[in-house]
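Engineer: here is a sequence together with a model predicted from it:
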Amino acid sequence: MKQRTIGDTDVSAIGLGGMPMSIEGRPDERRSIATIHAALEAGVTLIDTADAYHLGGHDEVGHNEELIGRAVREYHGVADDVLIATKGGHLRPEAGNWSQNGDPAYLKQAAKASAKRLGVEAIGLYQFHRPDPAVPYADSIGALAELLDEGVIRMAGISNADVDQIRQANEVLDGRLVSVQNQYSPAFRSSEAELELCDEMSIAFLPWSPLGGIAGASDLGTTYQDFATVARAHGVTPQVVALAWELAKSDVVIPIPGASRPQSILDSVTAATVKLRPEEIDRLDRSQAAG
């Protein structure tokens, strides 16, 4: 598995997103654990989760964190180099609805609870999940700075941030911002400016829903036919081409496709071996949805 870097840590160029294993429509636990173990066996060393990945409206905050923490501990091989990235500040009070809580005291409490669920003394990467319009952004990021100083977390990142927030977060963190996790895919490209800034600042950019989300991933090749055409030329799936295209954007890009089946993540990791030609990248850059 090719490697990329988050902060001072080398990780696999393709990560695993844990969200589909815990929200509505989730599989049974046995299949989820098999998916995580398949990812580890394939060389994946970055797993993304959040305390809000659970059934909306249910009293099971941290379901995905507990699942991933247990699966990594139970893995039959060596998993010492696995970086588990989690997030706080986003909540699911009921099915279909999300809310934010960027209060510094809450974030510090949430991070400590996440560390306990993951079974770690310090969280490898903790990210502020989504800005809270009711709380000054600098105050929320200040909580991450304190968590770093206290040793509760080892590295700090942000998610769903714009260009100004990236710069502000890095300033509040005194240059210690290591990652930005924003939505980015063939269907959602409005984070291009944030990606370019991360490249300029050597900050890891982690596309979430890199295949278009749970609803859109399976239809990616039909919706974006250029991805299907390039996929046929390389003998891979359109989903693999989408991930390879994202990897080609910059060395700071580390996609984190969600998966709830072993075969899904095993397909995704092959993207790290696909070498797209410049003319193919240009074609994919210009690709539009069919119809």
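Structural biologist: Perfect, I can see it now.
Engineer: for the rest of this, base every contact and every neighbour count on C-alpha atoms.
Structural biologist: Will do.
Engineer: where do the strands sit along the stretch 151-291 of the chain?
Structural biologist: Remark: strands assigned in the stretch 151-291 of the chain by DSSP state E, counting those that start in this stretch are 156-159, 177-181, 204-205.
Engineer: pull the contacting residues for the nearest residue to K108 once chain neighbours are set aside.
Structural biologist: In this structure, K108 finds its nearest non-sequential neighbour in A143, 6.2 Å apart by CA to CA, 6 or more residues apart in numbering. Neighbouring residues of A143 by CA atoms under 8 Å, 6 or more residues apart in numbering: P104, A105, L107, K108.
Engineer: tell me the pLDDT at A143?
Structural biologist: Per-residue confidence at A143 stands at 98 (pLDDT).
Engineer: now do the contacts for Q109.
Structural biologist: Counting by CA under 8 Å, 6+ apart, there are no residues that Q109 touches.
Engineer: still on that earlier bit, got TSV for the strands of the stretch 151-291 of the chain, with mean neighbour count, distance to P20 and mean pLDDT too?
Structural biologist: Shown next, in TSV, are those (neighbours: other CA atoms under 10 Å; distance: least, CA to CA, whole Å; pLDDT from 0 to 100):
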stretch	mean neighbour count	distance to P20	mean pLDDT
strand 156-159	27	18	98
strand 177-181	26	17	98
strand 204-205	26	21	98
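Engineer: just put the ones you listed in a markdown table and tack on distance to A85.
Structural biologist: Shown next, in a markdown table, are the strands of the stretch 151-291 of the chain (distance: least, CA to CA, whole Å):
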| stretch | distance to A85 |
| --- | --- |
| strand 156-159 | 9 |
| strand 177-181 | 10 |
| strand 204-205 | 12 |
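Engineer: out of these, which is closest to P93?
Structural biologist: Each of the strands of the stretch 151-291 of the chain has some distance to P93 by CA to CA; the shortest is strand 156-159, at 19.7 Å.
Engineer: hmm, back to that, just the ones of the contacts of A143 in helices?
Structural biologist: Among the contacts of A143, DSSP state H puts P104, A105, L107, K108 in helices.
Engineer: closest to V236 out of the residues you listed?
Structural biologist: Among those, L107 lies closest to V236 (CA to CA), at 41.6 Å.
Engineer: so that closest one touches G89, yeah?
Structural biologist: Yes - here L107 reaches G89: they are 6.2 Å apart, a contact under CA atoms under 8 Å.
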